[in-house]
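**Student:** Quick check, what structure comes out for this input:
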Amino acid sequence: MSKPHIHLGISLDGAGAHSAAWQLPGAAEKTLDPARLVALARTAERGNFDFVSLDDSFDLPTIATVPFRLDALLSFARVAPTTTSIGLIATVTTTHTEPFHVSKNLATLDLVSKGRAGWHVAVSTDQTAARLFGRKDPQPLDELWEEADEAIEVVTRLWDSWEDDAVIRDRQTGRYLDRDKVHYIDFEGKSFNVRGPSITPRSPQGQPLVVISAKDQASSAVAAARADIILIDDADIDAARIRRTELRAKIERLGRNPDDVSVLVTARVGESTLRTRLDTLAGGVLPTHSLDLVGDAVHVAQELERWFKSGAVDGFLLQPDSLPESIDWLVDDVAPLLRGQGVIRNDQPIRTLRDRFGLARPQNRYANSKAHS
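**Tutor:** So this is what the prediction gives:
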């Protein structure tokens, strides 16, 4: 089943997806300016895009616009109070991070943003990153995703460990909490043993959206079982359509409704004149292994519409060549063409990220449990 409207997100990483983007006048000087990130998110919100994303990792970028990383969750905590409707999807790696901290931090972002947080789950295979922590050696990919699967289970249980009405603020009895509605999760697994409960109240979405990049068999299996949004990087429309069909079949075999999961293609995107300028700064055309949409606004809008209407994808995570130039172009030139064709929604902004993806707020799994803290 196709979605009624295309889902569009924009990556706000670095100076842009093109490795020479930082060389544009003023770009390098502003990459650490928090006001710049706020302005970019507000521009995407003005275009009524579904979400913005920030990558994060313990590995330093190898082919990227800037050789550093900022904490994605903390960065979006700065953005959240300055925006009202745009989703905020932050990458958090499970490999060297305790799920209790992940749960608390993402629930906090969901509270601060009033229901707009999402978690892009990632793993780390890098030996240098492992040495930063010194706790364990690099693991095989299948083991990392087995651990990530457990981490997601722990995090989502912790998000449910407070019922929605656990906070009662009863001044007459002096009780802030109804402790019968705060639950132990008692998780015992191969990688984690977590009793809980969380120390953070249940957030506006109940469960912030889980996003997974399906890059291999191991990550695809976890994505089919756990993700609300699955990212793929197929550069061919027919390959993407086959991939989406396979993922939906796998989701259904696991007892989930495939219509509750959106499959998005990651795509580089840029206006042709600017791309030529950036390629010149880089000393030549640089290869890309993902879909690369370059041209004028009409061409890019037509390609996005063609992929969506063919049933190949439910939407795109767009990686603009440079920021802010490419995001301004997407919002001011490309999005109006899609809106005019009825491909993207033309209504008032929807407030929560779950609402944007047509997902109901989930019931609390512990609401009828007798176990409590």
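
**Student:** mind checking the longest strand of this protein?
**Tutor:** Taking DSSP state E as the criterion, the chain has its longest strand at strand 262-271.

**Student:** Poorly predicted segments of the stretch 1-150 of the chain, please.
**Tutor:** 1-2, 60-67, 134 (pLDDT under 70).

**Student:** before we move on, back to that, helices and strands around the longest strand of the chain, which ones?
**Tutor:** Strand 262-271 is packed against strand 7-11, strand 229-232, helix 237-253, strand 291-295, helix 297-309, strand 315-320, helix 325-329, with contacts defined by 3 or more Cβ pairs under 8 Å, 6 or more residues apart in numbering; DSSP states H and E. Using the backbone N, CA and C atoms, a C-beta is placed for each residue, glycine as well.

**Student:** Could you export these as CSV, including mean neighbour count?
**Tutor:** CSV is the format used below for the helices and strands packed on strand 262-271 (neighbours: other Cβ atoms under 10 Å):
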stretch, mean neighbour count
strand 7-11, 25
strand 229-232, 25
helix 237-253, 16
strand 291-295, 18
helix 297-309, 18
strand 315-320, 26
helix 325-329, 22
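
**Student:** how about a markdown table for those, with distance to residue 37 added?
**Tutor:** Below are these laid out as a markdown table (distance: least, Cβ to Cβ, whole Å):
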| stretch | distance to residue 37 |
| --- | --- |
| strand 7-11 | 12 |
| strand 229-232 | 21 |
| helix 237-253 | 30 |
| strand 291-295 | 24 |
| helix 297-309 | 24 |
| strand 315-320 | 14 |
| helix 325-329 | 11 |
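
**Student:** Any idea which of these gets closest to residue 120?
**Tutor:** With Cβ to Cβ as the measure, strand 229-232 is the member of these nearest residue 120 (7.9 Å).

**Student:** now the strands: where do they sit in the stretch 101-250 of the chain?
**Tutor:** In the stretch 101-250 of the chain, the strands defined using DSSP state E, counting those that start in this stretch lie at 117-122, 167-170, 175-177, 187-188, 193-194, 209-213, 229-232.

**Student:** With distance to residue 262 as added columns, please give these in JSON lines.
**Tutor:** Output for the strands of the stretch 101-250 of the chain, formatted as JSON lines (distance: least, Cβ to Cβ, whole Å):
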{"stretch": "strand 117-122", "distance to residue 262": "11"}
{"stretch": "strand 167-170", "distance to residue 262": "32"}
{"stretch": "strand 175-177", "distance to residue 262": "36"}
{"stretch": "strand 187-188", "distance to residue 262": "28"}
{"stretch": "strand 193-194", "distance to residue 262": "29"}
{"stretch": "strand 209-213", "distance to residue 262": "9"}
{"stretch": "strand 229-232", "distance to residue 262": "5"}
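
**Student:** Nearest approach to residue 307 belongs to which of the ones you listed?
**Tutor:** For residue 307, the closest of the strands of the stretch 101-250 of the chain is strand 229-232, at 11.7 Å, according to Cβ to Cβ.

**Student:** Given the closest one, what are its sheet partners and their directions?
**Tutor:** When pairing is defined by DSSP bridges, strand 229-232 lines up against strand 209-213 (parallel), strand 262-271 (parallel).

**Student:** Quick one: mean pLDDT for the first one?
**Tutor:** Pointing back at strand 209-213 there. Mean pLDDT, strand 209-213: 98.

**Student:** Tell me the buried residues in it?
**Tutor:** For strand 209-213, the neighbour count (16 or more other Cβ atoms under 10 Å) marks 209, 210, 211, 212, 213 as buried.
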